[in-house]
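Trainee: Quick one: sequence and predicted model below, then my questions.
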Amino acid sequence: MATLTPEQVTAELAATEGWQAADGELTRVVTRENFRDALLFVNAVGYLAERANHHPDISIAWNKVTLTLSTHSEGGLTGKDFALARLISDLG
Ligand SMILES: C[C@H](O)[C@H](O)[C@H]1CNC2=NC(N)=NC(=O)C2=N1
């Protein structure tokens, strides 16, 4: 899957709530009540990632989860990143 053009990235972003694009990556920071809820959220993300065979970089800082999506094999953003981002956004 080829990387998206800047115009395609802009169009996809408009349909992908809560994510920011920069330097070939999509990023979203999610804040939960506490570490436990952050961990439960990350497990749901992990399920979606495994199902899609596409995996975000994930960091947890107590109740703050930072997700970064990029298609490593292509060296940038593809439709796979936006598709997974939207599934993650649907988790709420
Ligand atoms: C073999 C396997 O399909 C690949 O390694 C997948 C797995 N998950 C992946 N995740 C992401 N974000 N980028 C990839 O290029 C990628 N490649």
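Mentor: It's in. Numbering: from 1, shown residues only.

Trainee: Could you check which helix or strand contains V65?
Mentor: strand 64-69 (DSSP states H and E).

Trainee: which strands and helices sit next to that strand?
Mentor: Of the remaining helices and strands, those touching strand 64-69 by 3 or more Cβ pairs under 8 Å, 6 or more residues apart in numbering; DSSP states H and E are strand 25-31, helix 35-52, strand 57-61, helix 79-89. In this view, the C-beta of every residue, glycine as well, is placed from N, C-alpha and C.

Trainee: Make TSV from those and add mean neighbour count and distance to the ligand to it.
Mentor: Shown next, in TSV, are the helices and strands packed on strand 64-69 (neighbours: other Cβ atoms under 10 Å; distance: least, Cβ to the nearest ligand atom, whole Å):
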stretch	mean neighbour count	distance to the ligand
strand 25-31	17	10
helix 35-52	14	8
strand 57-61	13	8
helix 79-89	19	7
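
Trainee: could the ones you listed be laid out in a markdown table, adding mean pLDDT and distance to T16?
Mentor: Below are these laid out as a markdown table (pLDDT from 0 to 100; distance: least, Cβ to Cβ, whole Å):
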| stretch | mean pLDDT | distance to T16 |
| --- | --- | --- |
| strand 25-31 | 98 | 8 |
| helix 35-52 | 98 | 14 |
| strand 57-61 | 98 | 17 |
| helix 79-89 | 98 | 5 |
